[in-house]
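Trainee: generate coordinates for the sequence data below:
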Amino acid sequence: MTSAIEQHTVFPPVEGEAVASVLHALRELHNRGSAGAETPATAVLLGPQGKRVELPAELLEVLQQVAAAMEQGLAINIVPRHTELTTQEAADMLNVSRPTLVKLLEEGKIQFSRPGRHRRVRLDHLVQYQEQTRRRRKALLDEMTAEASEQEDPSADHVDRFVQTR
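Mentor: Numbering: from 1, shown residues only. Got it, this is the predicted structure:
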């Protein structure tokens, strides 16, 4: 990645029990909060002099995802959202070939810059494209499921539309 400012990789600890207990606590907190409790579950950090700082729900979600990944032995890479990726890095992140990514860029589906001869893709633009694609696929699959449940004989039209979700 071309912008290494504040980039940081964290590897899971060798001793996984601490991560597992943190993950368990975070999941309990999440389950309690989503169970429709009268008062939503909150988590706090205790500072050096016992100062309590409440953690926002978004931060709790991130902590849960980080702990789950670390429990599986995965490293976590913290990258600023404005980080610029090469076309190969962006293609790898989308799990597509570099020529396919370049086609998406040239079609205007993903924003990019060209600070010289090479294209650069901002991480936040790439994540935005991933999210749009995920939502589009989900909507198509939901629509196909609804239509398929109404019909007994799946037609070629359903097959064609299924291919669109890829």
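Trainee: how near is residue 124 to residue 85?
Mentor: Counting by CB to CB, to the nearest Å, the separation of residue 124 from residue 85 is 11 Å. In short, each C-beta sits where N, CA and C put it, glycine included.
Trainee: give me the more crowded residue out of these two.
Mentor: residue 85 (23 against 13; other CB atoms under 10 Å).
Trainee: could you find the closest non-adjacent residue to the more buried one?
Mentor: residue 121 (5.0 Å; CB to CB, 6 or more residues apart in numbering).
Trainee: are we agreed that that neighbour is in a strand?
Mentor: Yes - counting by DSSP: H, G, I helix; E, B strand; the rest coil, residue 121 falls inside a strand.
Trainee: that one: what's it in contact with?
Mentor: 84-87, 89-90, 101, 105, 110-112 (CB atoms under 8 Å, 6 or more residues apart in numbering).
Trainee: go with 6 Å
Mentor: Shown here is residue 121, whose contacts under the criterion CB atoms under 6 Å, 6 or more residues apart in numbering are 85, 90, 112.
Trainee: and it, how far from residue 107?
Mentor: 14 Å.
Trainee: quick check: closest non-adjacent residue to the most centrally placed residue in the chain.
Mentor: The residue lying closest to the centre of the chain (CA atoms, centre = their mean) is residue 127, at 7.4 Å. Of all residues beyond its chain neighbours, the one nearest residue 127 is residue 81 (7.8 Å), with distances taken as CB to CB, 6+ apart.
Trainee: could you look up the SS state of the one you found?
Mentor: Look at residue 81: counting by three-state DSSP, its state is coil.
Trainee: quick one: the residue nearest to residue 85 and residue 102, what's the gap?
Mentor: Separation of residue 121 from residue 102 (CB to CB): 10 Å.
Trainee: the contacts of residue 121 in strands, which ones?
Mentor: Residues of the contacts of residue 121 located in strands (DSSP state E): residue 85.
Trainee: give me the buried stretch members for stretch 94-114, please.
Mentor: Judged by neighbour count using 16 or more other CB atoms under 10 Å, the buried positions of stretch 94-114 are 94, 101-102, 104-105, 110, 112.
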